[in-house]
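K.L.:
model this:
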Amino acid sequence: MPNDIPVLEPSGTLAPDAAAFLSQRTSLAPVPFVPEISLHMADDVIALWEALEQARGEIGLPPPFWAFPWAGGVAVARYVLDHPELVAGRRVLDLAAGSGLVAIAAALGGAAAVRAVDIDPYAVVAMEVNAGANRVEIEPVAEDILDGDGGTAQVVLAGDVFYERAMAARFLPFLERAQARGAQVIVGDPGRAYLPRERFTSLASYRVPVVADLEDAEHKATTVWRLDSACPSGD
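P.N.:
Residues are numbered from 1 along each chain as shown. Prediction:
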C-alpha cells in the first residue's frame, strides 16, 4: 500500500497523514459558479475513489463526496453568497457538508457560527483544510445527527440530500423537525427523484457545472428550495 494513502485506525478515526493525503491528491482551485470560494478538489475523481477503496480494503465505497462540489451544494452556496442576509448573525448548520462548500459560504456571509456535519471522517479533514484555505472558521463534525432537529441552529442548509429513497426518508423528517422548531431550512437539488417538491417553495434556479464522470452531464439545472410549514411526515 502506498505510504501516502491514509487509513482508518481501529477506533474509526483517520491516520495523522490524512490532511497531507488530501493535499497531495487534490488541487486547490476556485469552485466553478462560486469563484469566491476555493476548494481542494480531485483532478481525477475515479483515481481518488480507487485510492480510498485500496486504503480501506473495501470495494464499492460511496464516492468521495468531499473531493468535488455537488450541484445542490453549489447552488446553495451561490444563493447564500448572493443573499447573505439569510445567514448573517445567525447560527447555521450545514447538513451532509462534504467539502464544506456551503458552510464556508455561510461563514463568508457573516454567520455567527457554522456547524458542518457529515458522517464521513475524510469529509471533516477536507472541511478543516478548505476552511483554512478560505480563511474562515467553521466547526466540522463527523456525526449522524438525523434523529434530532438541528439543536440551536437558526438556519439549516442542505445540498443534494435527496438522491436515494432511504436517505430522503431520513433527511426529510429531520428537516421538518428543524423547521417546526423555528429554523429556516434551505435545500439545493438538481432534480433528484426523491425530493417532495410539494413541500417546498422555489427560491432560485441555476444551471450548475458538474463533474461529468459522476453526473453524465456537464451542467445540471439546480433549484434552491425553502421548506414550507406542514405536519411532520411521521404524523
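K.L.:
C-alpha only now, for contacts and for neighbours.
P.N.:
Fine.
K.L.:
right, and the secondary structure at residue 85 would be what?
P.N.:
At residue 85, secondary structure determined by DSSP: H, G, I helix; E, B strand; the rest coil is helix.
K.L.:
Tell me how many other residues crowd it.
P.N.:
Using other C-alpha atoms under 10 Å, residue 85 has 13 other residues around it.
K.L.:
Nearest spatial neighbour of it, chain-adjacent residues omitted?
P.N.:
Residue nearest to residue 85 in three dimensions, not counting chain neighbours: residue 109, with 7.6 Å by C-alpha to C-alpha, 6 or more residues apart in numbering.
K.L.:
Kindly provide the distance from the residue most central in space within the chain to residue 35.
P.N.:
Per C-alpha atoms, centre = their mean, the C-alpha nearest to the average position across the chain is that of residue 97, at 2.7 Å. Counting by C-alpha to C-alpha, to the nearest Å, the separation of residue 97 from residue 35 is 18 Å.
K.L.:
ok, back up a step: the residue nearest to the centre of the chain against residue 119, yeah?
P.N.:
No. If you go by C-alpha atoms under 8 Å, residue 97 and residue 119 don't touch, sitting 9.0 Å apart.
K.L.:
Who are the contact partners of residue 207?
P.N.:
219-222 (C-alpha atoms under 8 Å, 6 or more residues apart in numbering).
K.L.:
same thing but at 10 Å, please
P.N.:
With contact taken as C-alpha atoms under 10 Å, 6 or more residues apart in numbering, residue 207 is in contact with 33, 71, 75, 190, 218-223.
K.L.:
what is in contact with residue 97 and residue 119 at once?
P.N.:
Shared contacts of residue 97 and residue 119, defined by C-alpha under 10 Å, 6+ apart, comprise 141-142.
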